[in-house]
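> Make a model of this:
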Amino acid sequence: MIDFTLLLRDELAQRVPGQSTRHRLAEALRRAVIDGTLEAGSLLPASRVLARELGLGRNTVLHAYEQLTTEGYVSADRQGTVVCHLARRAPASAARVAQAEPVLPPLARRALPRNLPPGEDEIPRPFLPGIPAIDQFPLERWRRRVARAWKSVAANTLAGRDVCGEPVLRAAIAGYLRASRGVRCEPEQVVVTSGTQESLTLCAQLLADPGEPVWMENPGYIGASTAFVSAGLELVPVPVDAEGLAPSAALWRRKPPRLIYTTPSHQYPLGVVLSLPRRLALIEQARRAGSWILEDDYDSEFCRGVPMAAMQGLAPDAPVVYLGTFSKTLYPALRLAYVVLPEAAVEAVMPALVRRLSPGRVAEQEALAAFIHEGEFTAHLRRMRRLYAERQAALREALHKGWPLPLALSPGEGGMHLALALPPQVPDRDVVLHARARGLEPRALSTYAVGEGMALNGLVLGYANVSAERVRERVRGLAAAVREAMPPE
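Numbers count the residues shown, from 1 in each chain. The predicted structure follows:
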C-alpha cells in the first residue's frame with residue numbers, strides 16, 4: 001500500500017486550477033482502477049487510514065469513495081471498499097507498443113460539401129425542449145463583457161482570425177473541461193463551431209464516407225440523424241435501455257459502425273445515463289472495430305450531484321470526439337459550440353478543417369472567454385442547476401396531482417427535460433397539435449424514432465423555460481390537450 005499512497009501523493013501534488021482536492025483524489029483513484037493499478041477485487045484502505053497516509057481530512061476521502069461508488073468503480077460491503085470488475089482493454093501488441101503515436105480509426109477518405117440542415121423557426125414557448133431559462137441569464141454583466149471585448153477588437157480582425165476559434169476561448173474551454181468534466185485536452189484540440197449542428201455535420205463529413213454506417217440511439221436526437229443523413233451515411237438504430245445505449249453482440253458482427261453517436265450523460269430524449277461498464281465496453285469495442293465515438297455531452301452541466309466524468313477522459317487514446325455547446329447553458333442565439341478532437345488526430349484533420357470552417361465572431365468569443373475565466377460561467381451554471389431542479393420538482397408535483405392518465409415519467413433526476421409516456425389510444429402527435437393551440441410546445445416522442453419498427457408514444461417536456469409559479473397552469477393546459485386527443489367513448 002506504500003507504493004499506492006506514494007502514487008496518490010504524486011497525483012494530488014499536480015494541482016489543476018479550479019479543481020478541489022476531493023476531485024483530484026477521485027480522479028486519481030478512478031485512473032488507478034481503469035489502468036489496473038488497483039486490480040478488480042482488491043480492497044481499498046479504510047478512509048481513516050488513507051486520510052492519515054495522505055495528510056487529508058477523512059471527509060475528503062469519504063466523498064471520493066462515495067463518488068466512485070456512485071459511478072460503479074468500487075462497491076462497499078462488510079469488508080470495506082472493493083474495486084469492481086470492469087471491462088478492460090485488450091493487451092497491446094508488440095507492434096503497437098513500438099509506435100510513438102496511438103492508433104486511432106482512420107479519417108474519412110473524402111469530405112462532403114458543407115450542407116447544414118435547415119433549422120426550425122421556433123419560439124421559446126412553454127415545454128419546448130432545449131430552451132434554457134433565458135429570463136435568468138445575467139444579461140447586463142454579459143453586455144459589459146461584450147462591450148469591453150469590442151473596445152479591444154482591431155479593424156484588421158473583423159474578417160476573423162483562426163478558423164478553429166479565438167485562442168483565448170479555446171484555452172478557456174479546455175481549462176473548464178479538464179476541471180469539470182475530466183476531459184483530456186489542450187487548447188489545440190478544441191474547435192469552436194457555430195452550434196452543435198455544425199459540429200455534427202463536420203464530424204460526419206470528416207470521419208466517415210458516404211454509405212458507411214453510423215449507430216444512432218433509438219430514440220435519439222433528430223438533429224444528429226439529420227446531419228448524418230445529409231452526409232450520406234447509413235443510419236443504424238441501436239436500442240436504449242435503463243443503462244443507456246445497448247448494442248448487441250450480433251449487431252457488432254453484422255453492422256460494425258464507422259461512427260457511434262451517443263448522449264451518455266443524459267440521453268436525449270429518454271433521460272437515462274450510460275452506465276460505467278457500458279462506457280468502458282463501448283470504448284474498447286469501438287477501438288477494436290476502428291470506430292469513432294461522438295460523445296454529445298448534452299445536459300451534463302445540469303445533472304444532480306457530481307455528474308459522471310466524460311467518456312473521453314476514461315482512456316488516454318480513446319477514439320472519442322467530444323461535443324459541447326453554450327446554447328443550452330447560456331442562450332441559444334449565442335451560436336457557439338465546440339468539438340474536442342483526440343490529440344493524435346489534430347494534425348491530420350487540420351487541412352480539412354481549414355477548408356470547411358470560417359472564422360467566428362471575435363468579440364463574442366473573447367467575451368465568452370472572459371465570462372469563463374472570471375468565474376461567471378460556473379456561477380451561472382450553479383444558479384441554473386438549482387433553478388432547474390426546483391422547476392423539475394414543481395413539474396413532477398403538478399403532473400402527479402393533475403394528470404388525467406396513469407403517469408409514466410422518465411427516470412432522469414436532472415437536466416432540462418422529461419419524457420412522459422402516453423397510452424397507444426392517445427396519439428402523441430395529436431396531443432402536440434392540441435397543445436400548440438393552447439400556446440404550449442411539447443414534442444412528440446414518436447418523432448425521435450430512428451428507422452422503422454419502434455413503437456414510441458409520449459411527450460418530451462422541456463421545463464427549463466417554465467417557471468415553478470406557472471407550471472400548474474401549464475400542466476392544466478397540457479392535460480386539456482390530452483383529453484381533446486382521446487378517442488370518443
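> where does the stretch 351-489 of the chain dip in pLDDT?
For the stretch 351-489 of the chain, the stretches with pLDDT under 70 are 412, 453.
> State which strand of this protein is the longest.
Longest strand in the chain by number of residues (criterion: DSSP state E): strand 234-241.
> tell me the domain boundaries of the protein?
Residue ranges for the domains of the chain, per automatic domain parsing: 2-83, 134-377, 380-485.
> what about the helices in the stretch 351-489 of the chain?
Using DSSP state H, counting those that start in this stretch, the helices of the stretch 351-489 of the chain run over residues 362-373, 376-402, 428-437, 471-485.
> Is it possible to get CSV of these that adds distance to E301?
Glycine gets a C-beta too; all of them are placed from N, C-alpha and C. Formatted as CSV, those follow (distance: least, C-beta to C-beta, whole Å):
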stretch, distance to E301
helix 362-373, 13
helix 376-402, 5
helix 428-437, 28
helix 471-485, 22
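> tell me the most buried of these?
Mean neighbour count (mean count of other C-beta atoms under 10 Å) peaks for helix 362-373 among the helices of the stretch 351-489 of the chain, with a mean of 21.
> now the nearest residue to Y448 once chain neighbours are set aside: how far from L456?
Sequence neighbours aside, P219 is the residue nearest to Y448 in space, at 3.6 Å (criterion: C-beta to C-beta, 6 or more residues apart in numbering). P219 is 6 Å from L456, where distance means C-beta to C-beta, to the nearest Å.
> Quick check: neighbours shared by these two?
Shared contacts of P219 and L456 (C-beta atoms under 8 Å, 6 or more residues apart in numbering): 445, 448-449.
> Show me which of those residues is closest to A370.
Y448 (37.1 Å; C-beta to C-beta).
> picking that back up, which one of the shared contacts of P219 and L456 is nearest F377?
If you rank those by distance to F377 using C-beta to C-beta, Y448 comes first, at 29.7 Å.
> Would you confirm that the closest one contacts V460?
Yes: with contacts counted by C-beta atoms under 8 Å, Y448 reaches V460, the gap being 7.3 Å.
> So which of these two has more stuff around it?
Under the criterion of other C-beta atoms under 10 Å, the comparison of Y448 against V460 puts V460 first, with 26 against 22.
> Secondary structure element for R178, which one?
helix 167-181 (DSSP states H and E).
> List the contacts of the residue nearest to Y448.
Residues near P219 by C-beta under 8 Å, 6+ apart: 240, 269-270, 445, 448-450, 454, 456.
> For the stretch 1-150 of the chain, which segments are assigned as helices?
Secondary structure of the stretch 1-150 of the chain (DSSP H, counting those that start in this stretch): helices at 2-13, 21-34, 47-54, 58-71, 94-98, 139-151.
> Mean neighbour count, those helices: which tops it?
With neighbours defined by mean count of other C-beta under 10 Å, none of the helices of the stretch 1-150 of the chain is more surrounded on average than helix 21-34, at a mean of 21.
> Can you name every helix or strand that it contacts?
Using 3 or more C-beta pairs under 8 Å, 6 or more residues apart in numbering; DSSP states H and E, the elements in contact with helix 21-34 are helix 2-13, helix 58-71.
> part of a strand, is C164?
No: secondary structure of C164 (DSSP: H, G, I helix; E, B strand; the rest coil): coil, not part of a strand.
> Please work out how many residues are found near it.
C164: 25 neighbours (other C-beta under 10 Å).
> try the one 4 residues further on
Using other C-beta under 10 Å, V168 has 17 other residues around it.
> pretty sure it is in contact with A367, am I right?
No: the pair V168 / A367 is not scored as a contact, 10.2 Å apart, by C-beta under 8 Å.
> Distance-wise, check P124 relative to D135.
To D135, P124 is 9 Å away according to C-beta to C-beta.
> Those two: which is more packed in?
Neighbours were counted for P124 and for D135 using other C-beta under 10 Å; P124 has more, 17 against 9.
> which residues touch that one?
Going by C-beta under 8 Å, 6+ apart, P124 touches 131, 134, 465.
> so where's the stretch 151-300 of the chain uncertain?
Low-confidence segments of the stretch 151-300 of the chain (pLDDT under 70): 156, 158-160.
> same thing but at 80, please
Scanning the stretch 151-300 of the chain for pLDDT under 80 picks out 153-161.
> can you pull out the strands in it?
Using DSSP state E, counting those that start in this stretch, the strands found in the stretch 151-300 of the chain span residues 190-193, 213-218, 234-241, 244-245, 259-262, 292-296.
> tell me the most buried of those strands?
Highest mean neighbour count among the strands of the stretch 151-300 of the chain (mean count of other C-beta under 10 Å): strand 259-262, a mean of 28.
> one step back: now the helix holding R178 - C-alpha only, CSV.
Listed next in CSV are the C-alpha coordinates belonging to helix 167-181 (Å, rounded to 0.1, in the frame of the first residue of the first chain):
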residue,chain,number,x,y,z
PRO,A,167,-7.1,31.1,-28.9
VAL,A,168,-8.3,32.7,-25.7
LEU,A,169,-11.7,30.9,-25.9
ARG,A,170,-10.1,27.6,-26.9
ALA,A,171,-7.9,27.8,-23.8
ALA,A,172,-10.8,28.7,-21.6
ILE,A,173,-12.9,25.8,-22.9
ALA,A,174,-10.0,23.4,-22.4
GLY,A,175,-9.4,24.5,-18.8
TYR,A,176,-13.1,24.3,-18.0
LEU,A,177,-13.5,20.8,-19.4
ARG,A,178,-10.4,19.5,-17.7
ALA,A,179,-11.6,20.7,-14.3
SER,A,180,-15.3,20.0,-14.6
ARG,A,181,-15.7,17.0,-16.9
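> packing partners for that helix?
Where contact means 3+ C-beta pairs under 8 Å, 6+ apart, helix 167-181 is packed against strand 190-193, strand 320-325, strand 337-340, helix 362-373, helix 376-402.
> Restricted to buried residues, select the contacts of P219 in ChimeraX.
Per 16 or more other C-beta atoms under 10 Å, the buried members of those correspond to this ChimeraX selection:
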select :240,269,270,445,448,449,450,456
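> So what sits opposite V321 in the bridge?
Beta-bridge pairing for V321 (DSSP bridges): L294.
> follow-up on the earlier one: D77: which of the helices of the stretch 351-489 of the chain is closest?
The closest of those to D77 is helix 376-402. By C-beta to C-beta, the value is 31.5 Å.
> how big is the angle separating the closest one from helix 167-181?
On the basis of axes from the mean of the first three to the mean of the last three C-alpha atoms, to 10 degrees, helix 376-402 is oriented at 50 degrees to helix 167-181.
> and A242, what does it touch?
By C-beta under 8 Å, 6+ apart, A242 lies in contact with 272, 411.
> Roughly how far does it sit from G271?
Distance of A242 to G271, given as C-beta to C-beta: 11 Å.
> With P105 instead?
To G271, P105 is 30 Å away according to C-beta to C-beta.
> Which one's more surrounded, those two?
Higher neighbour count among P105 and G271: G271, with 22 against 18, using other C-beta under 10 Å.
> Quickly note the distance from that one to L445.
Between G271 and L445 the computed distance is 11 Å (C-beta to C-beta).
> Can you check which residues contact both of those two?
A419.
> Now do the helices in the stretch 201-350 of the chain.
Shown for the stretch 201-350 of the chain, the helices assigned by DSSP H, counting those that start in this stretch span residues 222-230, 249-254, 276-289, 346-356.
> can you tell me which of the ones you listed comes nearest to R148?
Closest to R148 of the helices of the stretch 201-350 of the chain, according to C-beta to C-beta: helix 346-356, at 29.3 Å.
> Run through who's touching that closest one.
Contact with helix 346-356 is made by 107, 111, 114, 163-164, 188-189, 191, 202, 205-206, 341, as judged by C-beta under 8 Å, 6+ apart.
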